[in-house]
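K.L.:
Take this sequence and fold it.
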Amino acid sequence: MSNRDEGREHYANSDDSTRLWFERQWAIWPERADERFTTNMSFHYGGVCAFREANGCDPVMSKDFASHVAWHDRHSGGGDAN
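P.N.:
Sure, this is the predicted structure:
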């Protein structure tokens with residue numbers, strides 16, 4: 001399983017507090033929401049894909065994080081993480 005797939009699964013199947021950690025991390029990137037947890041971009045991109053599937057829109061993202069997401073969108077079929 002790729003980092004992106006793991007992030008997608010982790011966001012989609014986690015409790016509210018874990019999803020809130022993802023969302024907080026995306027909003028403050030590159031600052032870390034919690035030093036104990038990963039800031040692997042592919043992992044977080046998978047979470048963004050799961051957020052999009054669940055909500056039909058993009059999450060709140062820092063400018064820096066949004067530029068990384070845009071790069072992944074361009075290189076993975078327009079945001080389809082499959």
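K.L.:
check contacts around Ser19.
P.N.:
Actually, residue 19 is Arg. It isn't Ser. The contact partners of Arg19, taken as CB atoms under 8 Å, 6 or more residues apart in numbering, are Tyr11. In short, each C-beta sits where N, CA and C put it, glycine included.
K.L.:
Give me the distance between it and Cys57.
P.N.:
Distance, Arg19 to Cys57, by CB to CB, to the nearest Å: 15 Å.
K.L.:
cool, and Val48?
P.N.:
Val48 is 11 Å from Cys57, by CB to CB.
K.L.:
if you count what's nearby, which of the two comes out ahead?
P.N.:
Ranked by neighbour count (other CB atoms under 10 Å), Val48 and Cys57 place Val48 first, with 27 against 7.
K.L.:
Please give me every residue in contact with the more buried one.
P.N.:
So Val48 contacts 26, 58-59, 61, 69 (CB under 8 Å, 6+ apart).
K.L.:
Can I get the buried part of those as one ChimeraX selection?
P.N.:
Here is the ChimeraX command that selects the buried residues among the contacts of Val48 (16 or more other CB atoms under 10 Å):
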select :26,59,61,69
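K.L.:
Between the contacts of Val48, which sits nearest Met1?
P.N.:
Nearest to Met1 among the contacts of Val48 is Val69, at 20.3 Å by CB to CB.
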